[in-house]
Every structure is written in structure tokens, then in C-alpha cells.
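>>> Mind folding the following:
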Amino acid sequence: MAQIKRKELQSLLERKEIEPDTQIYLFFGERYLCNQAADQLQKVLLQKKPGAVHTIDGEREDFGQTLARLVSFSLLPGLQIYRVADSRIFHTKTVLSTVWDKAVQAFEAGRLKPAERHLQSVLQAAGVDTEGATPLSDIHAAQWKAKFGFEKPTSSLDWADKLINESTVDISAADPTNLVDKCIETFDKGLPDKNILILTTETLDKRQRLFTYLKKHCTVVDCSVATGAGKAAQKEQKEILREVMLKTLKGFDKKIDSRAVDMFFDRVGFHPVAVVVETEKLALYAADHDVITRNDLQEMIGHRREDALFELTDAFSKNQTGRTLTILTRLQEQGIHGLAILATMRNFIKKLLIFKSLQIQAPPVWKKGMNANEFQNSYLPQLKKRGEWEELLKGHPYALFMSFSKASEYSADGLKSRMELLFQAEFRLKGSPLPASLVLEELFLTMLNRSGSRAIPKNMHS
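Numbering: from 1, shown residues only. As a prediction, the model looks like this:
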């Protein structure tokens with residue numbers, strides 16, 4: 001009864017050394033790894049003594065009801081495993097900023113369901129009842145800090161309000177302290193012999209009393225993974241992805257060329273679920289041969305040109321130098337010509353320049369900190385009445401708002417100088433003996449590492 005690492009659990013299961021009297025298990029950390037480890041445990045438990053599994057969705061769970069079911073004697077034969085996925089009972093204000101960041105990252109990546117799930121976790125842990133609640137964007141900064149335990153984001157929160165309003169899950173306010181006390185009291189009294197509780201959660205506060213209690217009296221499995229771009233973190237992430245990929249391939253009786261592995265990880269990133277899906281696709285595609293090659297990878301996991309080019313402009317707009325250069329290299333590996341890359345960037349900068357020019361002109365007046373509702377209901381209709389750039393203003397209002405917000409971060413001179421850099425790079429690609437990769441890397445580094453008013457570097461004129 002202690003905290004162990006995920007790999008320790010695997011060896012304990014293989015040696016059949018799981019504590020026989022343990023009835024409560026907690027898995028925390030990376031979501032896929034938690035579920036995978038819990039699946040392994042569940043399989044072993046049911047092999048020892050058959051029974052039933054009661055799956056409980058942590059997003060909709062009333063933990064008080066779960067406790068009531070746990071202490072009840074079931075009329076069903078065998079083990080009764082109550083498995084709570086994505087439990088929120090371990091969330092406190094201390095970790096809400098981390099959960100909020102996950103919601104933002106998921107939304108920006110277009111993964112709306114995970115974004116909604118993380119938002120609900122934030123609201124429930126803060127004791128916010130969504131029924132008739134004040135929209136997040138309208139909460140005063142001081143009230144936000146008091147409710148959620150971190151500073152209110154300065155960017156627009158309309159996306160979060162929209163996800164909450166459209167959610168089919170009702171969040172009822174509850175006192176998390178009382179619930180923790182009730183849990184500990186219930187666990188101290190003990191559960192009926194046949195009842196087992198398996199909890200999984202991505203984020204928790206290790207100082208919370210319930211976590212401390214479980215670590216002392218039950219089995220806690222750490223499935224977390226080092227984050228960041230450091231060498232040690234990257235190494236750990238790759239080892240886990242390799243483990244997931246090889247295990248998936250083993251099920252298809254396939255292997256992969258070692259030269260294709262790094263390319264695979266570069267394209268998929270640290271997303272274990274995506275690794276499984278893409279590995280399965282590769283295995284099915286390579287049905288007639290045993291070893292998956294780089295060519296198979298190019299065919300099946302090569303980003304579509306439009307998606308990859310969008311990734312490039314997205315990374316550039318966020319000033320993510322490392323990510324921009326990685327995507328730039330990937331595009332060239334996929335055979336996308338340097339001139340096509342320049343054309344994409346030229347169209348992107350041109351659109352920002354047009355939006356910047358519209359902001360400079362008045363009326364209507366562009367206001368710093370304008371929110372999406374004001375943009376859609378007032379600013380955009382007034383712009384359209386002017387009859388200028390009608391084609392560019394036909395897009396989705398929120399997408400236009402994000403583009404206008406991005407344009408406001410640049411000066412007009414800064415955007416114009418970037419256009420000039422793009423034209424210079426195009427001239428060099430067409431008439432210089434320098435490798436295209438060198439010209440493009442220098443271009444992007446210059447555009448990313450300069451302020452909007454700096455003069456154009458002399459070496460870009462040569």
C-alpha cells in the first residue's frame with residue numbers, strides 16, 4: 001500500500017504480487033496511460049475472481065452516489081468493480097491553472113470535447129454552478145482570482161463561454177471539503193469484500209488530504225510523464241511513445257524500420273492515443289510485408305498539404321520559433337516546394353496587413369481588448385457597410401475576430417517589412433545557388449526574431 005510507478009505495476013501484475021486486500025486504486029497522470037494501466041489491473045482482478053465492472057463517467061458523476069454504491073452489498077455474484085474515469089474529486093484551486101491551460105491548448109488544437117471536459121473540471125472544483133452563472137468573460141479579475149486561484153487571462157474568453165453554454169453537462173456546485181471528509185470516513189470504515197474502486201485522474205493536488213490518505217492506505221499508481229522541451233523530458237516521452245507503438249505493432253505481428261521511428265514521433269507528437277491510431281493505420285496499410293518503412297510512413301502519416309501549411313502559419317503567428325522550423329523542415333521533406341511555402345506566408349501576411357489597415361482607418365474604431373461579441377455585433381457590420389475587401393470579410397465571425405486580434409499585435413511597418421523579406425527570399429530561391437532550406441530558415445528566423453519597426457537586415461539584400 002503505497003505510491004508506485006506505472007512500470008512497477010506492470011511487473012507486479014506479471015509476478016502476481018498485487019496486494020490481495022487492496023480495494024481502492026488510484027491512477028493519476030497522462031490520461032491514456034492511466035486508462036491502459038487500469039485496464040491491465042482490471043483484467044488481472046477479474047481473472048482471479050470474475051464479476052462485473054460498473055463504469056462511471058467522472059464528468060457527470062455525483063461522488064456522493066458513488067460512495068453510497070461502494071458501501072452497498074450487491075446481489076450480483078463475484079467482484080463488483082466501480083471504475084471512475086476522469087475523477088474530479090482530487091482537483092483543488094492549486095491545480096486549476098494547470099487544468100485551465102489544458103482547456104486552452106485543447107481548444108486551440110480544435111479538440112473541443114477535451115476542452116469542454118477541462119473547463120467543466122475547473123468549474124466544478126471551484127464550486128461554480130453553471131445554472132444561471134455569470135459568463136466567465138464578465139467575471140471581474142479580483143473575483144476570478146478568488147474563485148479559481150489564478151489570474152484571469154487577458155485574452156478573450158468568449159470561446160469558453162460558448163463551450164459552457166452549449167454543453168449538455170450540468171455542473172452543480174458542491175463543497176469539495178465535505179466530500180473529501182466523507183470519502184475518508186467511508187474508506188476508514190471499510191468496503192464490502194467484493195467491492196473494488198478504481199479511480200483515474202489527469203491532474204491532482206498532491207497536498208490534498210484525500211490523496212495523502214490513499215497513498216498511505218491504498219495503491220496509488222503514478223502514470224505522469226515529464227513535460228517540456230528539455231532533453232530528459234523528451235527522452236522520457238519518446239520512450240513511452242516507443243513502448244505504446246511497439247505494443248500496438250505486436251498485436252499485428254509487425255515491426256518498424258528504426259529509421260522511420262523518429263519521423264513517426266515528429267509527425268504525431270506526444271499524443272499516446274494518436275500514436276495507437278496511426279500505428280494501427282500503418283500496420284493495416286503494410287498488410288503484405290512485415291516491416292513498416294519510411295515510405296509507408298510518407299504515404300499514411302504525411303500531413304495533408306493544407307493542414308501542414310496551416311500549422312506553419314499558426315506556429316509563426318504564435319512566435320514559436322522551434323515549432324515553426326520543425327514544420328518548415330517537415331514540409332520540405334514532403335516535397336512541398338519552397339515557392340509554395342512562400343506563397344502561403346505571403347497570403348497570410350497580406351491578409352494581416354489588410355486587416356491592420358482597416359484597423360488604422362476610422363470609422364469604425366478598433367479598440368484594444370475588443371471582445372468577440374462586440375466585434376461580431378458592432379465592428380464587423382460597420383466594416384462590411386464600407387464595401388471594402390468583401391471577400392476577406394465573409395469568413396466565420398470568430399475566425400475573423402482572431403485574425404483581426406492577431407493583426408493588432410503588429411505595426412503596419414512591421415508587416416510591410418515582412419512582405420519585403422518574403423519577396424527578397426523569393427528572388428533568392430529563383431536566382432541563387434543557395435539551398436532552398438537555408439534561404440527559408442534564414443527568412444523565418446529573421447521574421448520571428450525582429451520587432452515590427454527594425455530595419456531589414458543587410459544580409460537579406462544580398
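
>>> Could I get the full set of strands for the stretch 251-400 of the chain?
Along the stretch 251-400 of the chain, the segments classed as strands by DSSP state E, counting those that start in this stretch run 255-256, 291-292.

>>> That should have said the stretch 1-150 of the chain, apologies.
Taking DSSP E, counting those that start in this stretch as the criterion, the stretch 1-150 of the chain carries its strands at 3-5, 24-29, 51-57, 79-85.

>>> Which elements pack onto the first one?
Strand 3-5 is packed against strand 219-223, with contacts defined by 3 or more Cβ pairs under 8 Å, 6 or more residues apart in numbering; DSSP states H and E. C-beta coordinates here come from the backbone N, C-alpha and C atoms, glycine included.

>>> TSV for the strands of the stretch 251-400 of the chain, including mean pLDDT?
As requested, the strands of the stretch 251-400 of the chain are arranged in TSV below (pLDDT from 0 to 100):
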stretch	mean pLDDT
strand 255-256	91
strand 291-292	90
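
>>> Dump the ones you listed into JSON lines; add distance to L249 as well.
Output for the strands of the stretch 251-400 of the chain, formatted as JSON lines (distance: least, Cβ to Cβ, whole Å):
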{"stretch": "strand 255-256", "distance to L249": "6"}
{"stretch": "strand 291-292", "distance to L249": "8"}
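
>>> Most tightly packed of the strands of the stretch 1-150 of the chain?
The highest mean neighbour count among the strands of the stretch 1-150 of the chain, using mean count of other Cβ atoms under 10 Å, belongs to strand 24-29: a mean of 24.

>>> angle of that strand against strand 79-85?
Here strand 24-29 runs at an angle of 30 degrees relative to strand 79-85 (axes from the mean of the first three to the mean of the last three Cα atoms, to 10 degrees).

>>> okay, the angle between strand 24-29 and strand 219-223?
Interaxial angle, strand 24-29 versus strand 219-223 (the same axes, to 10 degrees): 10 degrees.

>>> Report the distance from strand 24-29 to the chain centre.
Here the centre of strand 24-29 is set off from its chain's centre by 21 Å, with Cα atoms, centre = their mean, to the nearest Å.

>>> what's the average pLDDT for stretch 399-417?
In this model, stretch 399-417 has an average pLDDT of 87.

>>> again with stretch 151-170
Averaged across stretch 151-170, pLDDT comes to 78.

>>> what's the answer for stretch 295-307, then?
Stretch 295-307 carries an average pLDDT of 66.

>>> Repeat that for stretch 100-119.
Here stretch 100-119 scores 78 as its mean pLDDT.

>>> tell me which residues in it are buried?
100, 102-104, 106-107, 114-119 (16 or more other Cβ atoms under 10 Å).

>>> Kindly report the same for stretch 215-233.
Buried residues in stretch 215-233 (16+ other Cβ under 10 Å): 215, 218-225.

>>> Could I have the CA atoms of that stretch written out in PDB?
Extracted as PDB, the C-alpha positions of stretch 215-233 are listed here (Å, rounded to 0.1, in the frame of the first residue of the first chain):
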ATOM      1  CA  LYS A 215      -1.100   7.000  -0.700                       C
ATOM      2  CA  LYS A 216      -0.800   5.700   2.800                       C
ATOM      3  CA  HIS A 217      -3.700   3.200   2.900                       C
ATOM      4  CA  CYS A 218      -4.300   2.200  -0.700                       C
ATOM      5  CA  THR A 219      -2.500   1.600  -4.000                       C
ATOM      6  CA  VAL A 220      -1.600   4.800  -6.000                       C
ATOM      7  CA  VAL A 221      -0.100   4.400  -9.400                       C
ATOM      8  CA  ASP A 222       1.900   7.400 -10.900                       C
ATOM      9  CA  CYS A 223       1.300   7.500 -14.700                       C
ATOM     10  CA  SER A 224       2.600  11.000 -15.100                       C
ATOM     11  CA  VAL A 225       5.100  12.000 -17.800                       C
ATOM     12  CA  ALA A 226       7.800  14.700 -17.700                       C
ATOM     13  CA  THR A 227       6.700  17.700 -19.700                       C
ATOM     14  CA  GLY A 228       8.700  20.400 -21.500                       C
ATOM     15  CA  ALA A 229      11.300  20.500 -24.300                       C
ATOM     16  CA  GLY A 230      14.300  19.600 -22.100                       C
ATOM     17  CA  LYS A 231      16.400  16.600 -23.100                       C
ATOM     18  CA  ALA A 232      15.300  14.400 -20.200                       C
ATOM     19  CA  ALA A 233      11.600  15.200 -20.700                       C
END
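
>>> now what about it, what contacts it?
With contacts defined as Cβ atoms under 8 Å, 6 or more residues apart in numbering, stretch 215-233 is touched by 1-6, 9, 18-19, 22-30, 33-34, 37, 187, 211, 214, 236-237, 240, 270, 322.

>>> now L199, what's its secondary structure?
Secondary structure state of L199, per DSSP: H, G, I helix; E, B strand; the rest coil, is strand.

>>> Quick check: it touching Y82?
No. Applying Cβ atoms under 8 Å as the test, L199 and Y82 come out as separate, 9.1 Å apart.

>>> follow-up on the earlier one: between the strands of the stretch 1-150 of the chain, which gets nearest to T344?
strand 24-29 (37.9 Å; Cβ to Cβ).

>>> ok so, going back, which among the strands of the stretch 1-150 of the chain is found nearest to L96?
Nearest to L96, of all those, is strand 24-29, at 15.9 Å by Cβ to Cβ.
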